[in-house]
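Chemist: Structure of the sequence below:
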Amino acid sequence: MATTKALAIAQQTDSATLLLGTGLAFASLILLPAFATRLGLDAVLTGAVRIALMRASSRVVSNKNQGDAVPASFDCH
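Modeler: Model (predicted):
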């Protein structure tokens with residue numbers, strides 16, 4: 001019984017982590033460029049914010065079971 005509850009909680013946590021990571025990736029790829037164009041932000045600033053959001057997305061998804069270990073760099077390919 002306790003094992004079933006633990007498994008259900010782990011699956012909910014994994015789903016929440018995946019949803020958060022997907023939301024951050026969506027924001028960096030779709031929403032951020034649209035808002036930056038509308039506000040007239042410079043491409044360099046938009047790129048920096050996009051990189052920060054993609055790193056956050058990567059950290060959220062990759063660190064779900066690794067504690068506080070954070071990758072030193074982000075690779076898109």
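
Chemist: wait, what's in contact with Arg50?
Modeler: Shown in contact with Arg50 (Cβ atoms under 8 Å, 6 or more residues apart in numbering): 28-29, 32-33. For every residue, glycine as well, the C-beta is placed using N, CA and C.

Chemist: Could you list the low-confidence segments of the chain?
Modeler: 1-2, 5-11, 63-77 (pLDDT under 70).

Chemist: re the thing from before, from the contacts of Arg50, list the buried ones, please.
Modeler: Neighbour-count burial (16 or more other Cβ atoms under 10 Å) is assigned, among these, to 28, 32-33.

Chemist: How much space separates Val49 from Gln12?
Modeler: Distance, Val49 to Gln12, using Cβ to Cβ, to the nearest Å: 30 Å.

Chemist: Who has more neighbours out of these two?
Modeler: Neighbours per residue, other Cβ atoms under 10 Å: of Val49 and Gln12, the larger number sits with Val49, 17 against 10.

Chemist: mind putting the contacts of Arg50 in JSON lines, secondary structure and distance to Leu53 included?
Modeler: Listed next are the contacts of Arg50 as JSON lines, based on DSSP: H, G, I helix; E, B strand; the rest coil; distance: Cβ to Cβ, whole Å:
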{"residue": "Ser28", "secondary structure": "helix", "distance to Leu53": "4"}
{"residue": "Leu29", "secondary structure": "helix", "distance to Leu53": "9"}
{"residue": "Leu32", "secondary structure": "helix", "distance to Leu53": "7"}
{"residue": "Pro33", "secondary structure": "helix", "distance to Leu53": "11"}
